[in-house]
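Novice: Give me coordinates for this.
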Amino acid sequence: DELDQAFLDQAGARRDNIVNSQTEIVQGSVNEQGKTYSGKAYYVSNSGNDANDGLAPERAWATLDRVNKENFAKGSAVFFERGGTWFGTLNARAQVTYSAYGTGTKPIFNGTMDVSVKDSANWTLEWEGARGEKVWVFQQMLPQAGGLFFDGGKRYAERLLLSWDSANNRYVTDHGMQFDPKVHLTHDLMFFSAPEMTGYRENDYLPNGKFTGPLYLRCDQGNPADVFASIEISLEGNGAEVFGNQVTLDNLSFRHYAGCGIICNGDQFEGTLIQNCEIAYCGGFVSAHYRQQEYEYWQPTVTGGAIHICGQNQSAINNYVHDNDCKCFIIVYQVDDSTKNNNILMRGNMIENSCTALYIGNFADYAKTDNPYVFRNITFTDNYVLDTGNCWGFEKQTKILGTSGNLCAVDLGSTNNANENFQISDNTFYLGKVGFVYGHMSPDNMPKFTDNKFVAAEYTLMAIWQGIRIPIYSDAIAAENFIRDVLGDQSATLRTAN
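Specialist: Prediction:
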């Protein structure tokens, strides 16, 4: 179809422009965030040396630890060499710019576990079935693995999520059947991370490293280390954590973090600018197990995603956000949280092959009289959102959550999400495994939808709204009415893809 191809060409051009964007930040007499820096420039290279002063490319530092230890003056800039890779978390400081120098691909910050997954001796065949099924176990006891990725992200394993039986200290299905790798890893490239959680208390945060256990992977083709050119296991943690106001992250790539690619710490700091970055293969960490009313055993809570963008005066512009589990842009208000979500801009981003593109969550149990609007001046505009509802925990999330917004393009949460001047405009939502919009909001709390384009697959729902599924293909009139009457988008377009 010409319309589909025209949009896919536009999306491809945007993707390429972001992936290949060059560093345009230069030194100036004053700071103009995202354009100039006024202080010293520091350089970091895989071929550098931490004993250097870091003040020139030929005297570059080498490690992320050295960067994180430096007390940068406001107005400084830190440039990482393109083509390089750093492991761990970047601690971003107040009024400091972090960007790239040199030629080639964006500098990569990688959250993968530092374990020898490519050594075939570290994988043992646990079970082989009569039809060629093979389950392997990794020989090192690991903390929780959020995701398992092969050949640079070209493929990833689907994660099996199970409940915790606290009375018997074991993982079980919803019906109480103990985990058995030959039974529950039902298809090729499916994995289960099984940290031993004896002593775990319901709904406690699961800190990385406290509990460790085996990692099971079904790989019918043979020993995973021999089958794949590369294997990466994401560890709980974040790619960049913002510790100050007016931080700029530019032309950087964050990958394989089971927490968030970038977290803004908006309860303390404001003015973060994220531009021209790539955030991929992030999210999927089980942060807690708790008992839901309809289940006897403690269910897993899956968290994390691409960018946790809570706070004030935060911006994410022209980023490529793809292949993330759980959520992409996350704006939440916690119980007794001091965060004021105000002036948050998400514009010109390319978002694809992930779960939810935009998530709004109010976890307060009651309305606060001193702060009735917890979401103010929120703008989500001119974004391309393709193929939502995809993640490596998809099967279990579909089963447990059923009609959850975790699998819809926009998750507007509950009736507690009071807001003022919340704009969702001029976006294109293209296909999706489940639906476009999810929520339980009252009409008084609705964001203002304007000029959005919705392109649906045959199976895509327009919405899961207040528990009701609103189809498109079988009832286009109901979908059109929902867009006009509930979303209030009088200028939207809706069509099915060909």
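Novice: quick one: contacts for His308?
Specialist: 238, 260, 262-264, 266, 330, 332 (Cβ atoms under 8 Å, 6 or more residues apart in numbering). For every residue, glycine as well, the C-beta is placed using N, CA and C.
Novice: make it 6 Å
Specialist: Contact analysis of His308 by Cβ atoms under 6 Å, 6 or more residues apart in numbering lists 260, 263-264, 330.
Novice: Please apply the same query to Gly28.
Specialist: Applying Cβ under 6 Å, 6+ apart, the residues near Gly28 are Thr36.
Novice: measure it to Tyr98 for me?
Specialist: Distance, Gly28 to Tyr98, using Cβ to Cβ, to the nearest Å: 17 Å.
Novice: which among the contacts of His308 gets closest to Thr272?
Specialist: Cys264 (4.7 Å; Cβ to Cβ).
Novice: I'd guess Val67 is in a helix, am I close?
Specialist: Yes - under DSSP: H, G, I helix; E, B strand; the rest coil, Val67 falls within a helix.
Novice: How confident is the prediction for it, by pLDDT?
Specialist: Val67 is assigned 98 on the pLDDT scale.
Novice: returning to what we had before: please flag which of the contacts of His308 sit within strands.
Specialist: Taking DSSP state E as the definition of strands, these contribute 260, 263, 330.
Novice: what's stretch 354-367 in contact with?
Specialist: Identification of contacts with stretch 354-367 by Cβ under 6 Å, 6+ apart yields 324, 326-335, 351, 374, 380, 385, 388, 391, 406, 409-413, 416-417.
Novice: Please disregard the earlier target; I meant stretch 207-226.
Specialist: With contact meaning Cβ under 6 Å, 6+ apart, stretch 207-226 is reached by 118-120, 123, 132-138, 141-143, 145, 181, 185, 188, 190-197, 227, 236.
Novice: Next: stretch 168-184.
Specialist: 126-127, 135, 162-163, 165, 198, 216, 295, 297.
Novice: could you redo the last one with a cut-off of 7 Å?
Specialist: 126-127, 129, 135, 160, 162-165, 192, 194, 198, 216, 295-297 (Cβ atoms under 7 Å, 6 or more residues apart in numbering).
Novice: for stretch 164-183, the distance to its chain's centre please.
Specialist: Taking the mean of its C-alpha atoms, stretch 164-183 sits 28 Å from the chain's own mean (Cα atoms, centre = their mean, to the nearest Å).
Novice: That one: end-to-end distance?
Specialist: Distance across stretch 164-183, first residue to last, is 17 Å (Cα to Cα, to the nearest Å).
Novice: Can you give me the buried ones in it?
Specialist: The neighbour-count criterion (16 or more other Cβ atoms under 10 Å) identifies 164-166, 170-174, 179, 181 as the buried residues of stretch 164-183.
Novice: Reformat those as a markdown table; add pLDDT and distance to Asn49.
Specialist: Below are the buried residues of stretch 164-183 laid out as a markdown table (pLDDT from 0 to 100; distance: Cβ to Cβ, whole Å):
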| residue | pLDDT | distance to Asn49 |
| --- | --- | --- |
| Trp164 | 94 | 46 |
| Asp165 | 94 | 51 |
| Ser166 | 92 | 50 |
| Arg170 | 96 | 49 |
| Tyr171 | 97 | 46 |
| Val172 | 96 | 51 |
| Thr173 | 92 | 53 |
| Asp174 | 84 | 54 |
| Phe179 | 97 | 47 |
| Pro181 | 96 | 46 |
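Novice: which stretches of this protein form helices?
Specialist: All helices of the chain, identified by DSSP state H, fall at 2-19, 64-69, 181-184, 224-227, 394-401, 476-481.
Novice: list the buried ones in stretch 92-102?
Specialist: Neighbour-count burial for stretch 92-102 flags 92-93, 95-101 (criterion: 16+ other Cβ under 10 Å).
Novice: so how far is that stretch from its chain's centroid?
Specialist: Mean C-alpha position of stretch 92-102 versus that of the full chain (Cα atoms, centre = their mean) differs by 21 Å.
Novice: How about stretch 344-359?
Specialist: 10 Å.
Novice: for the record, mean pLDDT for that stretch?
Specialist: Average pLDDT, stretch 344-359: 96.
Novice: Any buried residues in it, and which?
Specialist: Applying 16+ other Cβ under 10 Å to stretch 344-359 flags 344-352, 354-359 as buried.
Novice: Report the central residue of this protein.
Specialist: The chain has Gly305 as the residue nearest its centroid, 2.0 Å off, counting by Cα atoms, centre = their mean.
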